[in-house]
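A.B. asks: structural data only, the sequence is not supplied:
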């Protein structure tokens, strides 16, 4: 009965490759998010979707493209991976009160 | 632009002590403030959410307060236990996206 799930948990890939991370929530929330946690453990929002529509797009390279096929899913596709993309990526969702629930994270390592 | 600061960055206490973690924010126009716990290599677990109209929330040994006018929140942990060792993050939700502090790394020594 996991609330917010992400796959894969670990992702190791080479520079220049394209990869995707999937996220699903079963909380019935309307809003989903992607966050990046860098090596210094600082968490920063990347994108937010509300009912499948993009509402927040922070300063993120356009190599990162979120896709929301329905309001329970928000996937993150990354093109032409770079060393600096190595981080932990967290998916989250929130309901009416904006309380955020986080997934377990995907540790991306680009070599 | 909202900025969230957490002090101290790290804290080590003996088991059984009561302790306070501090969070300050620059923009008082927030919808809510949320405290999270993050264990090493894990995701974030929501501990407490304080709506902008509330002044505090309690859950078990945890009590979080919110003073919007001064831009401060505190997380009080009573009778600390080694299992409380983790990084504690506060985050503000408002007109800007959720903004996180850098966290306080807590170690409770048995």
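C.D. replies: Structure received. Note that the structure is a prediction, hence the values are computed from the model and not measured.

A.B. asks: got the contact list for the residue most central in space within chain A?
C.D. replies: Nearest to the mean C-alpha position of chain A, by Cα atoms, centre = their mean, lies residue A:34 at 3.4 Å. Applying Cβ atoms under 8 Å, 6 or more residues apart in numbering or on different chains to residue A:34 gives the contacts A:23, A:45, A:46, A:47, A:48, A:66, A:74, A:76, A:89, A:90, A:91, A:92. Every C-beta, even on glycine, is put in place using the N, C-alpha and C of the backbone.

A.B. asks: ok, the fourth one - contacts?
C.D. replies: Okay, so that is residue A:47. A:33, A:34, A:54, A:56, A:57, A:58, A:60, A:64, A:66, A:74, A:76.

A.B. asks: from the contacts of residue A:34, which would you call buried?
C.D. replies: A:23, A:45, A:46, A:47, A:48, A:66, A:74, A:76, A:89, A:90, A:91, A:92 (16 or more other Cβ atoms under 10 Å in any protein chain shown).

A.B. asks: just the element for the residue nearest to the centre of chain A, please.
C.D. replies: When elements are assigned from DSSP states H and E, residue A:34 belongs to strand A:31-37.

A.B. asks: could you identify the helix or strand that succeeds that strand?
C.D. replies: strand A:43-50.

A.B. asks: ok, that next one: who's next to it in the sheet?
C.D. replies: Applying DSSP bridges to the sheet, strand A:43-50 is found paired with strand A:31-37 (antiparallel), strand A:53-57 (antiparallel).

A.B. asks: mean confidence score for the longest one?
C.D. replies: In this model, strand A:31-37 carries a mean pLDDT of 93.

A.B. asks: again with the last one
C.D. replies: What strand A:53-57 shows for mean pLDDT is 78.

A.B. asks: how far away from the center of its chain is the lowest-mean-pLDDT helix or strand in chain A?
C.D. replies: Least confident helix or strand of chain A, by mean pLDDT, DSSP states H and E, is strand A:53-57 with a mean of 78. Distance, stretch centre to chain centre, for strand A:53-57: 13 Å (Cα atoms, centre = their mean, to the nearest Å).

A.B. asks: partner strands of the next helix or strand after it, parallel or antiparallel?
C.D. replies: Next in sequence after strand A:53-57, counting helices and strands by DSSP H and E, comes strand A:64-70. The pairing partners recorded for strand A:64-70 under DSSP bridges are strand A:73-78 (antiparallel).

A.B. asks: show me where pLDDT drops low in the chain?
C.D. replies: Answering for chain A, as no chain was given. Applying pLDDT under 70 to chain A picks out residues A:1.

A.B. asks: meant chain B actually
C.D. replies: In chain B (pLDDT under 70), the answer is B:95-96.

A.B. asks: residue A:68: how many residues sit nearby?
C.D. replies: 18 (other Cβ atoms under 10 Å in any protein chain shown).

A.B. asks: same question, residue A:40
C.D. replies: Other residues close to residue A:40 by other Cβ under 10 Å number 6.
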